[in-house]
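*Asks:* Test case, fold it:
(chains A and B)
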Amino acid sequence: MRTLFRFFYRHYMFFLFFLLEGTAFIMLLQQHYIQRITVGQFSGYAIGMIDERISRWRKYLNLAEINRQLVQENQELRSRLPGAYYSSDSTGHAVYDTLRQAWYGYLPANVVNISVNKQYNYITLDKGRRQHVKSGMPVVGSVGIAGIVDNVSEHFSTVLPVINRNFRLSVKFLKNDFYGSLQWNGQSYRYAELNEIPLHVPVAVGDTLVVTGYSSSFPEGAPVGTVSRFSRKDGNFYTIEVLLFTDYRKLYRVYLVKNYLKDEQDRLEQQKNYDEQ
Amino acid sequence: MIRTIFINVFRFILLVGLQFFILNNIQFSGFVNPYLYILFILWLPFETAGWLLLSASFMLGLIIDISSYTIGYHTMATVFTGYLRYHLLRFIAPRDGYEPGMSPTATSLGWTWFLKYATLLVSAHHFLLFWIESFGWGNFFAASFRALASSAFTIVLILICQFLTARSK
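*Replies:* The predicted structure is shown next:
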């Protein structure tokens, strides 16, 4: 017994090292679960507040760039106003439009924290449960998609961007509707990777990619990026490098997309599953 | 003794603050990220007990992890660095031991010695951190390159810190 104690005492550094390293490793494996607790409760609030301070300074320093983006967006939106079109309507009276019901709503939010140089990057937004943000909500920037809401606290929410290795999204070619799975290979924050496109699909550099309406809650056709390079890896599929429209290093203002008809769709789909069982 | 504890606690807070408020926000060219906070482990006094060194490393990593929305990555890297420092300093100790009350700085042991010591520990920390982060062999070379570039940056920052403190004495 005594020799055992002496043995432990002599090598206590090794055992302590092993214990602490093991603890850290278990925390790393349980990462998603722990993050859910901490981001939701304690650090999400405290660090969110500090991050907001920092982001206020950062925003001040980047005012010129933000202005340029907003002007560009305004220009884009103004060109879609009814007044910007030539009217060929000859009836001359107002029509109550029951054909077009609002499907998606947009809630503007500010980026309070963002990383682009990690393997698992995250974005923090200054909108949370108070603004009815829910986990799974899509987030779009002014030029392309930005990510999907991950966790939500009272005042903040974290977003899983395309440049996180856990991100998956079904996207398709705008020109011919062939679709594949978009993910990130962890290398450059400007490029993502598109897989599962079979070899008979005509692919060209510069092709535009948009979101499909199937798996995600993004509005169908939300812009993603363009093909910048493609190669044929072993097998029957292309590996396509996609230049993302959203530049995450210049992302300051985003929109949370609210799907007004999602509840109805979910109810219907659940009902179908219920009947099958 | 109390003065040493006070200085180290102050340094801890200062370095964590610097990392969180400034260095985590500068993202040079998208992949270089200096982790200056490791200087805390480098500068702990020679006679720091092993258990204290490891616990301090663990705390440092944990706080950096929480503040950068990751769990476990920095903690694993700092605990390893602390353990490595313990054995490194024992391995290269002079025969009659280190002078009591001294810290492994350039002022006490010379610039060449300090540069070697810092390079070894900083690269160990950075390489481990980036490898754990990339998790898998697919990105092995990309991660190594990022670790190398970031280590170089961190070492430059550490030398600047060392230079500034050396002049004020």
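
*Asks:* burial count for the residue in chain B that chain A sits nearest to?
*Replies:* Residue nearest to chain A within chain B: B:G72 (2.9 Å; Cβ to the nearest Cβ). C-beta here means a position set from N, CA and C on the backbone, and glycine is covered the same way. When neighbours are counted by other Cβ atoms under 10 Å in any protein chain shown, B:G72 registers 22.

*Asks:* which outside residues touch the host helix or strand of A:L256?
*Replies:* Using DSSP states H and E, A:L256 falls within strand A:253-259. Strand A:253-259 is contacted from outside by A:66, A:69-70, A:103-111, A:123, A:125, A:127, A:131-133, A:137-142, A:146, A:149, A:157, A:159, A:217-219, using Cβ atoms under 8 Å, 6 or more residues apart in numbering or on different chains.

*Asks:* re the thing from before, distance check, the residue lying closest to the residue of chain B closest to chain A once chain neighbours are set aside against A:N117.
*Replies:* Among residues not flanking B:G72 along the chain, A:L28 sits closest, at 2.9 Å (Cβ to Cβ, 6 or more residues apart in numbering or on different chains). With the distance defined as Cβ to Cβ, to the nearest Å, A:L28 ends up 19 Å from A:N117.

*Asks:* just checking, what packs against the helix or strand of chain B at the bottom of the mean pLDDT ranking?
*Replies:* Sorting the helices and strands of chain B by mean pLDDT, DSSP states H and E puts helix B:106-109 at the bottom, at a mean of 81. Where contact means 3 or more Cβ pairs under 8 Å, 6 or more residues apart in numbering or on different chains; DSSP states H and E, helix B:106-109 is packed against helix B:111-134, helix B:140-168.

*Asks:* Give me the angle between the shortest one and helix B:140-168.
*Replies:* Helix B:111-134 runs at 140 degrees relative to helix B:140-168, counting by axes from the mean of the first three to the mean of the last three Cα atoms, to 10 degrees.

*Asks:* how about helix B:111-134: buried residues?
*Replies:* B:114, B:117-118, B:121-134 (16 or more other Cβ atoms under 10 Å in any protein chain shown).

*Asks:* residues in chain B within reach of chain A, list them.
*Replies:* Taking Cβ under 8 Å from any Cβ of the partner chain as the contact definition, chain B meets chain A at B:20-21, B:24-25, B:27, B:30-33, B:50-51, B:54-55, B:57-58, B:61, B:66-73, B:75-76, B:79-80, B:83, B:86, B:132-135, B:138-139, B:142, B:146.

*Asks:* just for the stretch 151-277 of chain A, where's the confidence low?
*Replies:* Applying pLDDT under 70 to the stretch 151-277 of chain A picks out residues A:215-216, A:234, A:272-277.

*Asks:* and the most centrally placed residue in chain B, helix, strand or coil?
*Replies:* Centroid check for chain B by Cα atoms, centre = their mean gives B:I38 as the closest residue, at 2.0 Å. Under DSSP: H, G, I helix; E, B strand; the rest coil, the three-state class of B:I38 is helix.

*Asks:* how about the residue nearest to it when sequence neighbours are not counted, what does it touch?
*Replies:* Of all residues not flanking B:I38 in the chain, B:H125 sits nearest, at 5.2 Å (Cβ to Cβ, 6+ apart). Shown in contact with B:H125 (Cβ under 8 Å, 6+ apart): B:35, B:38, B:77-78, B:80-81.

*Asks:* Figure out which of the helices and strands packed on helix B:106-109 is closest to A:L244.
*Replies:* Nearest of the helices and strands packed on helix B:106-109 to A:L244, taken as Cβ to Cβ: helix B:140-168 at 18.0 Å.

*Asks:* If you count contacts, what does that closest one end up packed against?
*Replies:* Short answer (3+ Cβ pairs under 8 Å, 6+ apart): helix B:140-168 packs on helix B:39-43, helix B:106-109, helix B:111-134.

*Asks:* now with 6 Å?
*Replies:* The contact analysis (3 or more Cβ pairs under 6 Å, 6 or more residues apart in numbering or on different chains; DSSP states H and E) places helix B:140-168 against helix B:111-134.

*Asks:* near chain B, which residues of chain A show up?
*Replies:* A:13, A:16-17, A:20-21, A:24, A:27-28, A:31, A:34, A:43, A:116-117, A:119, A:122, A:186-187, A:189 (Cβ under 6 Å from any Cβ of the partner chain).

*Asks:* coming back round to it: tell me which residues in the least confident helix or strand of chain B are buried?
*Replies:* Using 16+ other Cβ under 10 Å as the test for burial, helix B:106-109 gives B:106, B:109.

*Asks:* Alpha carbons of that helix, as CSV, please.
*Replies:* What follows is helix B:106-109, C-alpha atoms only, in CSV (Å, rounded to 0.1, in the frame of the first residue of the first chain):
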residue,chain,number,x,y,z
ALA,B,106,15.2,37.0,-21.4
THR,B,107,16.5,39.4,-18.8
SER,B,108,17.4,36.6,-16.4
LEU,B,109,18.7,34.0,-18.8
